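Peer 1: Kindly return the folded structure for what I paste below:
(one chain, ligands or ions: 1)
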Amino acid sequence: MNFNELNLSDNILNAIRNKGFEKPTDIQMKVIPLFLNDEYNIVAQARTGSGKTASFAIPLIELVNENNGIEAIILTPTRELAIQVADEIESLKGNKNLKIAKIYGGKAIYPQIKALKNANIVVGTPGRILDHINRGTLNLKNVKYFILDEADEMLNMGFIKDVEKILNACNKDKRILLFSATMPREILNLAKKYMGDYSFIKAKINANIEQSYVEVNENERFEALCRLLKNKEFYGLVFCKTKRDTKELASMLRDIGFKAGAIHGDLSQSQREKVIRLFKQKKIRILIATDVMSRGIDVNDLNCVINYHLPQNPESYMHRIGRTGRAGKKGKAISIINRREYKKLRYIERAMKLKIKKLKFG
Ligand code: AMP
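Peer 2: Numbers count the residues shown, from 1 in each chain. A predicted model of the protein is given here:
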């Protein structure tokens, strides 16, 4: 399928072309027509990298009227995601005169109040959005489209109560779209409570990611990692359990000549940004991280993710591997396990309906 089969305006087709998107991704093929042509609410299971943002941004740009105040609100769990989402909308809106207000904490409130006065679409994090609602500087009574992005992360970060308050502050007749990489019970309950009948859409788990594992004795784990990292093309993340592991592993790798960086909670904001910048510039091609710290890393062309330690649960596995194989590119996800961890890997495989093959070291 091509974008021009989706009934889009010339303006947006132009913007899509300028962004260099050639074909719609799986989730875009499913969500765009439903959002544009039906009246249903939508629950979509899709992760970062699937093209989920454009799947709602494109119809929103088509549907939102430039002259009717705030017609759409998008809630994201983090500031970084709010910025990414707002940027994606900006870059797709072409010459439609839509005003997008970015509303998140850590920034002065007055420029936000000003931005809200002219906004058509609000993108933000729950805390600051609620703050504006409570101050009376954000009125959601005309909202037609409510989009909840990365709902499972909202849950993990304890924002669900805030999300409900914001839902209740909106116009009752709004359409709701909920995006989530995983579908824990609490999220389905939220959908049931607020969304009535909805269409459920599931993006294909990225066929671009080749998943495998290597089984080693515990004392061979580091050596196995080194063998994987010797590939000159390697550009990716290595996940560890704790921040201490990330520091130790990065320093062990550097000791033997690998250019590796680590990102963990003990770094200051500016140190963290520096590591991410070096990684994005490919001055370091190996980045060691924990689950929490990997959230802010938005790089599309990683070709590999290694689980040096297995994650706590199947959901984290999905988040980790979703860092590669993005935006139509190919990627590998390799887990290093010992014999005792084999069962846990199989559990992840079953729970997420995946196929994780044994990797032959050659
Ligand atoms: P997302 O899943 O929304 O985080 O998108 C991941 C990345 O894929 C973003 O950088 C998008 O700009 C990019 N992207 C979205 N749709 C497409 C597409 N149809 N073709 C190529 N890249 C895309």
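Peer 1: roughly how far apart are the residue lying farthest from the centre of the chain and the ligand?
Peer 2: Distance from the C-alpha centroid of the chain, by C-alpha atoms, centre = their mean, peaks at Asn219 (34.4 Å). Applying C-beta to the nearest ligand atom, to the nearest Å, the value for Asn219 to the ligand is 39 Å. (Each C-beta comes from the backbone N, C-alpha and C, glycine too.)
Peer 1: Secondary structure class of that residue, three-state.
Peer 2: helix (DSSP: H, G, I helix; E, B strand; the rest coil).
Peer 1: What distance do you get for it to Ala115?
Peer 2: According to C-beta to C-beta, to the nearest Å, Asn219 and Ala115 sit 56 Å apart.
Peer 1: now do Asp152
Peer 2: 29 Å.
Peer 1: quick one: which of those two has more around it?
Peer 2: Ranked by neighbour count (other C-beta atoms under 10 Å), Asp152 and Ala115 place Asp152 first, with 22 against 15.
Peer 1: Tell me if the helix or strand harbouring the more buried one is near the ligand.
Peer 2: Per DSSP states H and E: Asp152 is located in helix 151-156. No - using C-beta under 6 Å from any ligand atom, helix 151-156 stays clear of the ligand, with a minimum separation of 12.7 Å.
Peer 1: List the contacts of that helix.
Peer 2: Residues outside helix 151-156 that contact it (C-beta atoms under 8 Å, 6 or more residues apart in numbering): 75, 77-78, 126, 148, 160, 163, 178-184, 186-187, 190, 295, 315.
Peer 1: circling back: pLDDT score for the residue farthest from the centre of the chain?
Peer 2: What the model reports for Asn219 is a pLDDT of 95.
Peer 1: same question, Lys355
Peer 2: At Lys355, pLDDT is 89.
Peer 1: what does Arg272 give?
Peer 2: On the pLDDT scale, Arg272 gets 87.
Peer 1: Tell me which stretches of the stretch 251-362 of the chain form helices.
Peer 2: Secondary structure of the stretch 251-362 of the chain (DSSP state H, counting those that start in this stretch): helices at 269-280, 291-294, 314-321, 342-351.
Peer 1: ok so, going back, what is the mean pLDDT for the helix holding Asp152?
Peer 2: 94.
Peer 1: From the rest of the structure, what touches the very next helix or strand once past it?
Peer 2: Using DSSP H and E, the next helix or strand after helix 151-156 towards the C-terminus is helix 160-169. By C-beta under 8 Å, 6+ apart, the list of residues contacting helix 160-169 from outside reads 73, 75, 126-127, 129-130, 133, 140, 146, 148, 151, 154, 176, 186, 190, 194.
Peer 1: Mind checking which of those residues land in helices?
Peer 2: Of the positions in the contacts of helix 160-169, Pro126, Gly127, Ile129, Leu130, Ile133, Ala151, Met154, Glu186, Leu190, Tyr194 sit in helices, assigned by DSSP state H.
Peer 1: out of the residues you listed, which are buried?
Peer 2: Pro126, Ile129, Leu130, Ile133, Ala151, Met154, Leu190, Tyr194 (16 or more other C-beta atoms under 10 Å).
Peer 1: Turn the residues you listed into TSV, including distance to Asn303.
Peer 2: Converted to TSV, those look like this (distance: C-beta to C-beta, whole Å):
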residue	distance to Asn303
Pro126	34
Ile129	37
Leu130	40
Ile133	43
Ala151	29
Met154	30
Leu190	35
Tyr194	39
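Peer 1: tell me which of those residues is nearest to the ligand?
Peer 2: Ala151 (14.5 Å; C-beta to the nearest ligand atom).
Peer 1: for the stretch 1-150 of the chain, what spans make up the helices?
Peer 2: Using DSSP H, counting those that start in this stretch, helices in the stretch 1-150 of the chain cover 10-19, 26-37, 52-63, 79-92, 109-118, 126-135.
Peer 1: what's the most buried one of these?
Peer 2: helix 52-63 (a mean of 24; mean count of other C-beta atoms under 10 Å).
Peer 1: Leaving out sequence neighbours, find the closest residue to the residue nearest the centre of the chain.
Peer 2: Residue closest to the average C-alpha location in the chain (C-alpha atoms, centre = their mean): Thr48, at 3.3 Å. Distances taken as C-beta to C-beta, 6 or more residues apart in numbering place Gly322 nearest to Thr48, at 5.5 Å, with adjacent residues excluded.
Peer 1: The ligand contacts on the stretch 51-200 of the chain?
Peer 2: Counting by C-beta under 6 Å from any ligand atom, the stretch 51-200 of the chain sits next to the ligand at Gly51, Lys52, Thr53, Ala54, Glu88.
Peer 1: switch to 5 Å and redo it
Peer 2: Contact residues, the stretch 51-200 of the chain versus the ligand (C-beta under 5 Å from any ligand atom): Gly51, Lys52, Thr53, Ala54.
Peer 1: The first one contacts Ile27, correct?
Peer 2: Put plainly, it is Gly51. Yes - counting by C-beta atoms under 8 Å, Gly51 touches Ile27, with 5.8 Å between them.
Peer 1: for Met352, what are its contacts?
Peer 2: Ile205, Pro314, Tyr317, Met318.
Peer 1: Next: Ile100.
Peer 2: Ile100 touches Ala86, Ile89, Glu90, Ala119, Asn120, Ile121, Val122, Val123, counting by C-beta under 8 Å, 6+ apart.
Peer 1: now the fifth one, nearest residue through space, not along the chain?
Peer 2: Of all residues beyond its chain neighbours, the one nearest Asn120 is Leu98 (4.8 Å), with distances taken as C-beta to C-beta, 6+ apart.
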